[in-house]
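Asks: Curious how this folds, go ahead:
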Amino acid sequence: MSDVPLLLFRGVSKIYPLPAGDVVALDCVTLTVMVGEFIAVMGPSGSGKSTLLNMMGCLDVPTAGEIYLSGREISRMSDDDLTRLRRDRIGLVFQQFNLIPLLSAIENVEFPILLTTARAESRRRAVEVLSAVGIEASHFSHKPGELSGGQQQRVAIARALVNDPDILLCDEPTGNLDTKTGTAIMDLLAAENRRGKTVIMVTHDPDVAAYARRTIRIVDGRIT
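Replies: Numbering: from 1, shown residues only. Below is the predicted model:
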């Protein structure tokens with residue numbers, strides 16, 4: 001395994017200027033994530049958890065500090081370069097699933113790779129990852145509204161995995177699911193981690209955080 005961190009934050013701050021006064025979402029955060037880790041990020045509401053995840057996922061850039069992905073600085077990249085990084089190296093899973101309502105399950109999964117992969121190969125890959133996350137072939141043609149919450153989250157995870165990303169970022173992945181379904185989703189994420197995938201998830205649930213091998217706690221934008 002490489003000694004180069006997968007993710008490295010050096011003195012990263014994020015400040016949102018508002019009329020009533022600046023809001024410091026992250027305050028000089030320094031953090032190292034190695035390949036193959038399973039990390040839970042916990043903290044009270046408004047502590048900076050989602051901002052931290054957005055920085056990791058190239059969805060936002062820092063006000064100050066440096067962020068490196070596999071030794072390459074990403075904190076000063078252009079929007080186009082960040083978009084390509086998200087497409088090629090980062091998988092994102094959201095609490096609200098964020099599936100496209102008019103597309104079927106299999107179309108949602110292959111959507112991220114249609115521009116870079118031949119149609120036959122994108123369909124083959126979508127079938128492969130949907131099967132791997134436990135979606136039956138009879139549900140491939142179903143639209144999100146025809147699937148249960150657990151099935152929708154499995155489709156969302158399959159979409160995040162379709163490009164075989166280096167890192168899987170999950171924002172409250174069980175937040176909209178019942179306990180039994182949430183456990184099944186966490187078992188799925190743990191299995192991906194055992195296969196070598198780096199997983200970082202934001203959660204408020206200690207039972208969910210227990211799946212991780214390391215827990216990061218953040219309060220008022222600072223890691224404690």
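Asks: measure stretch 67-80 end to end?
Replies: From its first residue to its last, stretch 67-80 covers 17 Å (CA to CA, to the nearest Å).
Asks: Run through who's touching it.
Replies: When contacts are taken as CB atoms under 8 Å, 6 or more residues apart in numbering, the neighbours of stretch 67-80 outside the stretch itself are 4-10, 12, 55-56, 58, 61-62, 65-66, 81-82, 85, 89, 166. Backbone N, C-alpha and C define where each C-beta goes, glycine included.
Asks: can you do 7 Å?
Replies: Here stretch 67-80 makes contact (CB atoms under 7 Å, 6 or more residues apart in numbering) with 4, 6-9, 12, 55, 58, 61-62, 65-66, 82, 85, 89.
Asks: Relative to Arg222, which of those is nearest.
Replies: Distances from Arg222 to the contacts of stretch 67-80, taken as CB to CB, are shortest for Val12 (11.0 Å).
Asks: tell me the SS of the nearest residue to the closest one once chain neighbours are set aside?
Replies: Spatially, and ignoring its direct neighbours in sequence, Val12 is nearest to Gly65 (3.5 Å; CB to CB, 6 or more residues apart in numbering). Classification of Gly65 using DSSP: H, G, I helix; E, B strand; the rest coil returns strand.
Asks: My guess is Gly65 contacts Leu8. True?
Replies: No: Gly65 lies out of contact with Leu8 (CB atoms under 7 Å); the separation is 10.5 Å.
Asks: Have a look at those two and say which one is more surrounded.
Replies: The residue with more neighbours, out of Gly65 and Leu8, is Leu8; 20 against 17, by other CB atoms under 10 Å.
Asks: Quick check: that one vs Thr32, distance?
Replies: Taking CB to CB, to the nearest Å as the measure, Leu8 falls 6 Å from Thr32.
Asks: ditto for Arg119
Replies: If you measure Arg119 against Thr32 using CB to CB, the figure is 40 Å.
Asks: Neighbour count: these two, which is higher?
Replies: More crowded of Arg119 and Thr32, by other CB under 10 Å: Thr32, with 12 against 9.
Asks: Run a quick neighbour tally on the closest residue to Asp205 other than its chain neighbours.
Replies: If the residues on either side of it in the chain are set aside, Asp205 comes closest to Thr174, at 6.9 Å by CB to CB, 6+ apart. As a burial measure, Thr174 scores 25 neighbours (other CB under 10 Å).
Asks: Over to Thr174: give its phi and psi.
Replies: Dihedral pair for Thr174: phi -110, psi 10, per degrees, to the nearest 10.
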